[in-house]
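Asks: A structural model of the following input is requested.
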Amino acid sequence: MSSEDQGYYTKSVCQRICYTWTLKLNAITDLRSKHVSRHFPDYMESIAQFYLEAVWEGDYTYGNINISLRTVCKSDCTNKTKYVNINILNHEKKKSELLKLSDDWKMNMGSIAKYTPNGYFPNTLTIICEIFVISPVDKIMPIEVPKCKLFEDLAALFDTKKNSDVTIVTRDQHEIPAHKAILTARSDVFAAMFKHPMEENRRNSVTINDFDHDVLTEMLRFIYTGEAPNLADMVENLLAAAEKYGLDRLKAMCLKYLSDTLSIETAAITLKLADLYNVKDLQLNSVQFIRNHAASVANTANWQNLITTDKYLILNAFCEPTILLQLNDGSKNET
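Replies: Next up is the predicted model:
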């Protein structure tokens, strides 16, 4: 438990004390006498010790049983006692009253509860007292934990090329310095390459003839930071790079972008990519979109090119049993 205060906070200990006191009252004279409980709690580790007083206030026909909570020792425990619950049980009437102590209560203000018999004097009263004593322990200066800068640090490492130990040579003969440890941690393909005594590992140089500088730079940026800010500009090539180097999240990011941006112009290309990488959900989305916009898609150059180069792909996609079943189920649900 703590509370902030001008740059530091106070660490406190909260002690819960419970005590049950049973009053046996044989006559009204017993009510008019002062009744005092034993001291509680018994154990020495307690922050404070208390006792209860019960006194009748009033005449012989009407009055209150005034219940007070007192401390045994003269200490500052009155300032530490924050909450007191009093539960009074009248066994004859099965009545229970729960009272909460106000925050500004002090021990010397006397009673904390009153019980009014209303003309019926009980033989037995059970008073259940629950006290919460809060004691400050230390004032502690907070320790500031800086924000994690892993993303920024790895991005800076990629941009500055500091302490790089391997060079990536692109198809267009650009060189990109990198770090074997980062590539190994993020790609099983690179990890296997640097584990075995391959030529790339010996020369600390990896030639990648499949992709140009901009695509490999974006792929490496993803490896270092988990982000690909230029994905939209090179999604097809980046998808191929992600597939080759086992970057599943980057691949999923590319596929999601293709699905989210399906259009008249891109439908044919997206269908081809879905088939190439065997992504059934994207293939289903593409076929559904093409069926819904058949006339418009058929007039695009991408569709005409697909008919020329991959007519079997179109045949298989639109006749594939699983896709047809899902398309038919979707049509039934719409109607």
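Asks: in the stretch 151-300 of the chain, what residue spans correspond to strands?
Replies: In the stretch 151-300 of the chain, the strands defined using DSSP state E, counting those that start in this stretch lie at 166-169, 175-178, 205-207.
Asks: same list (these) but as JSON lines, adding distance to Phe289.
Replies: Bear in mind the C-beta positions are built from the backbone N, C-alpha and C, glycine included. Converted to JSON lines, these look like this (distance: least, Cβ to Cβ, whole Å):
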{"stretch": "strand 166-169", "distance to Phe289": "37"}
{"stretch": "strand 175-178", "distance to Phe289": "37"}
{"stretch": "strand 205-207", "distance to Phe289": "39"}
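Asks: for Thr126, find the nearest of those strands.
Replies: Thr126 lies closest to strand 175-178 among those, at 77.3 Å (Cβ to Cβ).
Asks: coming back round to it: most tightly surrounded among the strands of the stretch 151-300 of the chain?
Replies: strand 166-169 (a mean of 20; mean count of other Cβ atoms under 10 Å).
Asks: for that one, what is the average pLDDT?
Replies: Averaged over strand 166-169, pLDDT sits at 96.
Asks: now what about it, what contacts it?
Replies: Residues from elsewhere that reach strand 166-169 (Cβ atoms under 8 Å, 6 or more residues apart in numbering): 175-180, 183, 194, 200, 204-208, 216, 220.
Asks: which among those gets closest to Glu57?
Replies: Checking the contacts of strand 166-169 one by one against Glu57 (Cβ to Cβ), the nearest turns out to be His179, at 83.4 Å.
Asks: burial count for that closest one?
Replies: Using other Cβ atoms under 10 Å, His179 has 20 neighbouring residues.
Asks: do the same with Arg291
Replies: Applying other Cβ under 10 Å, we find 12 other residues in the vicinity of Arg291.
Asks: tell me how far it lies from Ser187.
Replies: Note on Arg291: its distance to Ser187, by Cβ to Cβ, to the nearest Å, is 38 Å.
Asks: now do Lys256
Replies: From Lys256 to Ser187 the distance is 20 Å (Cβ to Cβ).
Asks: looking at those two now, which is surrounded by more residues?
Replies: Taking neighbours as other Cβ under 10 Å, Lys256 and Ser187 compare with Ser187 leading, 18 against 12.
Asks: OK, contacts around that one?
Replies: Ile223, Tyr245, Gly246, Leu247.
Asks: kindly report the same for Leu183.
Replies: Contacts of Leu183 by Cβ under 8 Å, 6+ apart are Val166, Phe190, Ala191, Phe194, Ile223.
Asks: for the second one, give me its contacts.
Replies: If I follow you right, that is Phe190. Lys180, Leu183, Thr184, Val206, Tyr245.
Asks: run a quick neighbour tally on the spatially closest residue to the fourth one that is not a sequence neighbour.
Replies: It stands for Val206. Distance criterion Cβ to Cβ, 6 or more residues apart in numbering; nearest residue to Val206, sequence neighbours excluded, is Glu200 at 4.5 Å. Number of residues near Glu200 (other Cβ under 10 Å) recorded here: 18.
Asks: quick one, what contacts Glu200?
Replies: Val166, Met193, Phe194, Val206, Thr207.
Asks: now render those residues as TSV, adding distance to Trp21.
Replies: Output for the contacts of Glu200, formatted as TSV (distance: Cβ to Cβ, whole Å):
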residue	distance to Trp21
Val166	79
Met193	79
Phe194	77
Val206	82
Thr207	88
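Asks: circling back to that earlier point, out of the contacts of Leu183, show me where the pLDDT dips lowest.
Replies: Least confident entry in those, by pLDDT: Phe194, with 90.
Asks: I'd guessed that one sits against Asn204; true?
Replies: No: at 9.4 Å, Phe194 does not count as touching Asn204 under the criterion of Cβ atoms under 8 Å.
Asks: among the contacts of Ser187, name the buried ones.
Replies: Ile223, Tyr245, Leu247 (16 or more other Cβ atoms under 10 Å).
Asks: so who does the last one touch?
Replies: In other words, Leu247. Arg186, Ser187, Met219, Phe222, Ile223, Ala241.
Asks: do you know the pLDDT at it?
Replies: For Leu247, pLDDT reads 97.
Asks: just Tyr62 next, same as before
Replies: On the pLDDT scale, Tyr62 gets 64.
Asks: again with Phe289
Replies: Phe289 carries a pLDDT value of 93.
Asks: for Leu282, see how far away it is.
Replies: Taking Cβ to Cβ, one finds Phe289 at 11 Å from Leu282.
Asks: could you chop this protein up by domain?
Replies: 2-140, 146-260, 262-335 (automatic domain parsing).
Asks: rewinding a little: neighbour count: Phe194 and Asn204, which is higher?
Replies: Phe194 (17 against 12).
Asks: for the more buried one, what are its contacts?
Replies: Counted by Cβ under 8 Å, 6+ apart, Phe194 has contacts Val166, Lys180, Leu183, Thr184, Glu200, Asn201.
Asks: those: which two are farthest apart?
Replies: Among the contacts of Phe194, the pair separated by the greatest distance (Cβ to Cβ) is Thr184 and Glu200, which sit 12.4 Å apart.
Asks: wasn't Lys139 part of a strand?
Replies: Yes: assessed by DSSP: H, G, I helix; E, B strand; the rest coil, Lys139 belongs to a strand.
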